[in-house]
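Asker: sequence and predicted structure below; questions after.
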Amino acid sequence: MNKKFATISGLVIGIVTFAILGGCGNSTVQDAKVNDNNVSSLKSEEIVGFTKYSNPASKFTIQYPTDWTTEGEEIDKTSGSYAIAFLPPLKDGESKGANVFVFAKDMSSDPQTLEQYTKLSLEAMKEAIDGPEIVTDSVAVLAGLPAHKFIIKGTQSGTSLEWYQLYTIKNDMLYQLTFTAEPNKYAEQIKNVEQMADTLEIL
């Protein structure tokens, strides 16, 4: 296993583990090719019923539903990474739920193109997820930049889950949003997640 694959595999496994143990609109992300010469971070309008998250250390801002909570905010100055999870409220009787995990990482010590990261990320997810079904594997847009999107179904520790992952790279910084949920919760929250993705701004 090479160094790049090991790093990305660890990130994917960490996201999946958090989904099981930790947390448990009209606007959509457009699937389109973008001209690299004409893209930049876009200023998003405030969405009614959403709250804006901002932390200078994170290098991004994002809006999330007001009744959601944040958890697991972590800063690793050594690796230049920042992570935070956004959790929808649990219903009566629920012990675990869905989560949106937003991750920023400095990749300057091991720079990769979006295409290189996509290839390694897909390999890592296939290793981390049991019986993965790739529903969507396409180009997309995030913060006005060329991005990639995966929608995957599979199981982890015997639990059926669905993943929505969207990421971009700017100035050797990776910005990644991953939504993980059981199928029924995925259907309930995917529109909120797409709206969240539309509001992400890179600082």
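Answerer: On my side now, so go ahead.

Asker: contacts only, for the residue nearest the centre of the chain.
Answerer: The residue lying closest to the centre of the chain (Cα atoms, centre = their mean) is Leu177, at 1.4 Å. Contact analysis of Leu177 by Cβ atoms under 8 Å, 6 or more residues apart in numbering lists 62, 100-103, 142, 165-167, 193, 196-197, 200. Quick note: C-beta positions are derived from backbone N, CA and C, even for glycine.

Asker: just these: which are in strands?
Answerer: In strands, judged by DSSP state E, the following of these are found: Ile62, Val100, Phe101, Val102, Phe103, Leu142, Gln165, Leu166, Tyr167.

Asker: which per-residue confidence value corresponds to the second one?
Answerer: On the pLDDT scale, Val100 is placed at 94.

Asker: test my guess that it contacts Val193.
Answerer: Yes. With contacts counted by Cβ atoms under 8 Å, Val100 reaches Val193, the gap being 5.8 Å.

Asker: what's the overlap in contacts for the two?
Answerer: Listed contacts common to Val100 and Val193 are Leu177, Phe179; contacts here mean Cβ under 8 Å, 6+ apart.

Asker: related to what we said a few turns ago, so what pairs up with the residue nearest to the centre of the chain in the strands?
Answerer: For Leu177, the beta-bridge partners under DSSP bridges are Val102, Leu166.

Asker: filter the contacts of Leu177 down to the buried ones.
Answerer: Burial by neighbour count, judged by 16 or more other Cβ atoms under 10 Å, picks out 62, 100-103, 142, 165-167, 193, 196-197, 200 from these.

Asker: for Lys77, state which of these is nearest.
Answerer: Set against Lys77, the nearest of the buried ones among the contacts of Leu177 by Cβ to Cβ is Phe103 (15.2 Å).
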